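Asker: here's my sequence, what's the structure:
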Amino acid sequence: MKKRYDFSKSVRNPYLSKVRKQLTIRLDRDTIAYFKALAEKSGIPYQNLINLYLRDCAESAKTLTMKWN
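Answerer: Numbers count the residues shown, from 1 in each chain. Just a heads-up that it's a prediction; the model follows:
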């Protein structure tokens, strides 16, 4: 290792604005199983698939429709 490093030409991280935040969320077992099966087929980690799905819902402003029987 060097004793000193020159950071005068360094560049800010362009991805810093999209930093993910860790949180705890409770999901049904069958929901997790669905995304894990989808992850196996696609090769994408299931947590990333859940994030992609939620992002798609948010970007397209989807609303939840619920019917109680």
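Asker: where do the helices sit along the protein?
Answerer: 29-42, 46-59 (DSSP state H).
Asker: can you list those in CSV and add mean neighbour count and mean pLDDT?
Answerer: From N, CA and C alone the C-beta is placed, and that goes for glycine too. Converted to CSV, the helices of the chain look like this (neighbours: other Cβ atoms under 10 Å; pLDDT from 0 to 100):
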stretch, mean neighbour count, mean pLDDT
helix 29-42, 12, 97
helix 46-59, 12, 95
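Asker: of those helices, which is nearest Leu23?
Answerer: helix 46-59 (11.2 Å; Cβ to Cβ).
Asker: if we can go back for a sec, and the helices of the chain as CSV, adding distance to Thr65?
Answerer: Below are the helices of the chain laid out as CSV (distance: least, Cβ to Cβ, whole Å):
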stretch, distance to Thr65
helix 29-42, 18
helix 46-59, 13
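Asker: state the distance from Trp68 to Leu52.
Answerer: Trp68 sits at a distance of 29 Å from Leu52 (criterion: Cβ to Cβ, to the nearest Å).
Asker: over to Thr24?
Answerer: To Leu52, Thr24 is 19 Å away according to Cβ to Cβ.
Asker: residue contacts, Val19?
Answerer: If you count contacts by Cβ atoms under 8 Å, 6 or more residues apart in numbering, Val19 has none.
Asker: mind checking how far it is from Asn13?
Answerer: Distance, Val19 to Asn13, using Cβ to Cβ: 9 Å.
Asker: and for Asp6?
Answerer: Taking Cβ to Cβ, one finds Asp6 at 18 Å from Asn13.
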